[in-house]
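> Here is the input, now give the coordinates:
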Amino acid sequence: MRRLLLAAFAVSLTSAPPAVAAESLGVANEQLVTVKGTVVDVACEIAHDCAPRCGDGKRQLGIKTLDGKLLLAAKSAVDFMGSVRDLLPYCGRILIVDGLTTSDYGTTLLMVQRFKLSDAAPWRPTTQGLVDWAKANHVAVDSEEAKLWMRNDPEVKDAVAKRGKLGVPE
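Sure thing, here's the model as predicted:
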C-alpha cells in the first residue's frame, strides 16, 4: 500500500501544472498568476470600437481568459514599460501568460512578465519594448542607457522639461 501511495504521489508531481514563476512587485492586492487567454483590443471588447490588428500598437491590450474575464495588460517585465509590443503580434491568439494582477475598484490590471504559445513551448520574457527602444536609440539592449531607458528617453526628457517631473511646470 505504501508503494502505491508513493507512486501516486510521484505521478501527481509530474502531472501538476507548472508553478507560477512571476516575481512579486510588492504592489497592493498583488496576486501571482498564470492564465490562459486570448490577446484582445480592450476598446473592442468593452465598447465594440474595434480596429484592425488590435489597433496596430496604439490601443490598450488585454487577455480575455478562457472563462471570459478581461484582464488589462498594463505592464511588461521592463520597469515603467507596457506590454503592447510583446502581445501585439499575438492579437486574437491564445497565450499562456505568467505575471501578477492587482485589483482595485473592480478593475484588474495584469502585469505580464512572460508568456508562451502552448504548454510545451518555452517561456518568452516581455522585453520587446526595451529591445525596440534600444534599437531606436542606437544603444545596446544590455547597456546602462537601456537599463535606465526612462531617464534617457528623448520623449520623456522633453515631457519633463515642458511639464515638470510630476506633470506640473516647476
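> if I look at Cys91, how far off is Ala73?
Look at Cys91 and Ala73: by Cβ to Cβ, to the nearest Å, they are 12 Å apart. All C-beta atoms are positioned from the backbone trio N, CA, C, and that covers glycine.
> between the two, what contacts are shared?
Val39, Leu61 (Cβ atoms under 8 Å, 6 or more residues apart in numbering).
> between these two, which one's more packed in?
Higher neighbour count among Cys91 and Ala73: Ala73, with 25 against 19, using other Cβ atoms under 10 Å.
> Could you break the chain into its assigned domains?
18-126, 137-170 (automatic domain parsing).
> could those go into CSV alongside mean pLDDT?
Converted to CSV, these look like this (pLDDT from 0 to 100):
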stretch, mean pLDDT
domain 18-126, 91
domain 137-170, 90
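> for those domains, which one ends up most surrounded?
Among those, ranked by average contacts under mean count of other Cβ atoms under 10 Å, first place goes to domain 18-126 (a mean of 17).
> In space, what's closest to Leu110 - neighbours in sequence excluded?
Leu71 (4.0 Å; Cβ to Cβ, 6 or more residues apart in numbering).
> quick one, what contacts that neighbour?
Val35, Gly37, Gly62, Ile63, Lys64, Thr65, Thr101, Thr108, Leu109, Leu110.
> Distance to Asn152 and secondary structure added to those, as JSON lines?
Output for the contacts of Leu71, formatted as JSON lines (distance: Cβ to Cβ, whole Å; DSSP: H, G, I helix; E, B strand; the rest coil):
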{"residue": "Val35", "distance to Asn152": "33", "secondary structure": "strand"}
{"residue": "Gly37", "distance to Asn152": "34", "secondary structure": "strand"}
{"residue": "Gly62", "distance to Asn152": "29", "secondary structure": "strand"}
{"residue": "Ile63", "distance to Asn152": "30", "secondary structure": "strand"}
{"residue": "Lys64", "distance to Asn152": "35", "secondary structure": "strand"}
{"residue": "Thr65", "distance to Asn152": "36", "secondary structure": "strand"}
{"residue": "Thr101", "distance to Asn152": "30", "secondary structure": "strand"}
{"residue": "Thr108", "distance to Asn152": "32", "secondary structure": "strand"}
{"residue": "Leu109", "distance to Asn152": "26", "secondary structure": "strand"}
{"residue": "Leu110", "distance to Asn152": "27", "secondary structure": "strand"}
